[in-house]
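Colleague: Fold the following, please.
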Amino acid sequence: MHEWLAAKHILAVRLDNIGDVIMLGPALRAVKETSPNARLTLLASPGGATAVPLLPWVDDVITWRTVWQDVGGRIPFDPARERELIDLLAERKFEAALIFTSFSQTPHTPGYACYLAGIPLRAGESKEFGGSTLTTELRGAADEMHQVERNLRLVEQLGFVARERRLTVIIPDEARQAVSSLLERAGLDPAAPFILLHPGASARARRYPAERFGIVARHLARSVLPVLVTGVERESTLIEELRQQAPNISYLIGGTTLAEYAALVERAALVICNDSLPMHLADAVGTPEVILFSGTDYEEQWYPRKVHYRLLRRHTACYPCYLFECPIGLPCLDIAPEKVVEAVEALLSEIGKSDMTQATFLPGGRL
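Modeller: This is a model prediction of the structure:
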């Protein structure tokens, strides 16, 4: 695989959500540390591209929405747009393309785009026949393989050496400096510990009921630690449902960059969230977490690997369902708020409220 290590202009393709790009970090780091003189460009979705400031191994980013990653037919029919992407990739004269996918995605469509763009080396993992769209094709790994390991498996097969397998993000100093003012804006003491609760997720089937999150937040704020609820503007309905149960806690809705949000997660004593971006950020920055994990995916693919955590999920016959909408009322997330509170209290007791740092790189666990 000497030709891969000799490549000086490498394209990494990952067109999913922000969390998927964060989980690509160890593989990108392996490529850059093995070939420090190579220029590494990431092809990412608009959301995924926002993670690049946290991944210093990326030299450049191309932001694009592609039809093969379109969920629900939201991208208008426009073949010219797709040809424009191929022309753009061809202009960059990439020597190699690393196509990263989850267990259920095909690398052959982006591989074909890279083929048309004249990229001579194209690698990906697949369980299906795709002709010669890829020049190096790994046989698909087990569905349950952790996504970080799936990404690393690809680059290691090509000769790149991974010296760090844990999630890591590099938070800019200015983002850390902004945290105190963000906490003050939310009505919290910047010097005091707090719990960060994020009720959102990209799919409805991954969201623990907002009113139950509100009950959890109200109890914790009253008897454990102050709670900061975070979200984005488009989640206003979700936040309002939570606020009805917990009107007197702190809220920070929008108004942060991803780097600032990562710094906020880093500052928190503990994070409570769904299977969503904060789960990956907490793992990357070393913050303990309690996760409400629905049955949409194998938990083995996504769970935190370097922090103390509790993962809560009801076992159901339909696990994993891979659905964005649950037709039967989310039985996998039918977890009493009291159980969530108990998990938070147990985890805080385990790590010690006064010394969070010592616990951040110890093994996690599940409930």
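
Colleague: Please count neighbours and contacts with C-alpha atoms only from this point.
Modeller: Will do.

Colleague: what's around the residue nearest to residue 52 when sequence neighbours are not counted, how many residues?
Modeller: Nearest in space to residue 52, with sequence neighbours left out and distances taken as CA to CA, 6 or more residues apart in numbering, is residue 58 at 6.8 Å. Residues near residue 58, counting by other CA atoms under 10 Å, number 20.

Colleague: how about residue 58, phi and psi?
Modeller: Residue 58 has phi and psi values of phi -90, psi 130 when expressed as degrees, to the nearest 10.

Colleague: mind checking pLDDT for it?
Modeller: We have a pLDDT of 99 for residue 58.

Colleague: For residue 30, see how far away it is.
Modeller: 11 Å (CA to CA, to the nearest Å).

Colleague: repeat for residue 330
Modeller: Counting by CA to CA, the gap from residue 330 to residue 30 is 38 Å.

Colleague: before we move on, what about residue 127?
Modeller: Separation of residue 127 from residue 30 (CA to CA) stands at 24 Å.

Colleague: between these two, who's got more neighbours?
Modeller: Neighbour count, other CA under 10 Å: between residue 127 and residue 30, residue 30 has more, with 22 against 16.

Colleague: Hmm, that one is touching residue 160, no?
Modeller: Yes: between residue 30 and residue 160 there is a contact at 6.0 Å, judged by CA atoms under 8 Å.

Colleague: where along this protein do the strands fall?
Modeller: Here the chain has its strands, by DSSP state E, at 9-13, 39-44, 60-63, 96-99, 121-126, 136-139, 195-198, 227-231, 250-253, 270-274, 289-292, 309-312.

Colleague: Which neighbouring elements make contact with the fifth one?
Modeller: What it means is strand 121-126. When contacts are defined as 3 or more CA pairs under 8 Å, 6 or more residues apart in numbering; DSSP states H and E, strand 121-126 sits against strand 96-99, helix 108-116, strand 136-139, helix 147-157.

Colleague: So, low pLDDT: which residues of the chain?
Modeller: The chain contains residues with pLDDT under 70 at 1, 353-367.

Colleague: residues in contact with stretch 322-334?
Modeller: Contact with stretch 322-334 is made by 203-206, 208, 292-297, 313-316, as judged by CA atoms under 8 Å, 6 or more residues apart in numbering.

Colleague: Which of those sits closest to residue 120?
Modeller: residue 297 (34.1 Å; CA to CA).

Colleague: Return the residues in contact with the closest one.
Modeller: Counting by CA under 8 Å, 6+ apart, residue 297 touches 319-322.

Colleague: how close does the nearest residue to residue 169 once chain neighbours are set aside sit to residue 350?
Modeller: What sits nearest to residue 169 in space, not counting adjacent residues and going by CA to CA, 6+ apart, is residue 54, at 5.2 Å. Going from residue 54 to residue 350 by CA to CA gives 30 Å.

Colleague: which stretches of this structure form helices?
Modeller: Here the chain has its helices, by DSSP state H, at 2-6, 18-22, 25-34, 46-49, 79-92, 108-116, 147-157, 173-185, 210-223, 236-245, 258-267, 277-285, 337-351.

Colleague: Other residues contacting the longest one?
Modeller: Looking back up the chat, that one is helix 337-351. The contact list for helix 337-351 (CA under 8 Å, 6+ apart) reads 212-213, 215-216, 219-220, 224, 270, 288, 290, 308-310, 312, 358-359.

Colleague: if we can go back for a sec, which of the helices of the chain is buried the deepest?
Modeller: helix 277-285 (a mean of 25; mean count of other CA atoms under 10 Å).

Colleague: now what about it, what contacts it?
Modeller: 18-19, 22-23, 166-169, 198, 201, 262, 265-266, 271, 273, 288-289, 291, 304-307.

Colleague: Go again with 7 Å.
Modeller: Outside helix 277-285, the residues that touch it by CA atoms under 7 Å, 6 or more residues apart in numbering are 18-19, 167-169, 262, 265-266, 271, 273, 288-289, 304-307.

Colleague: Much appreciated, bye for now.
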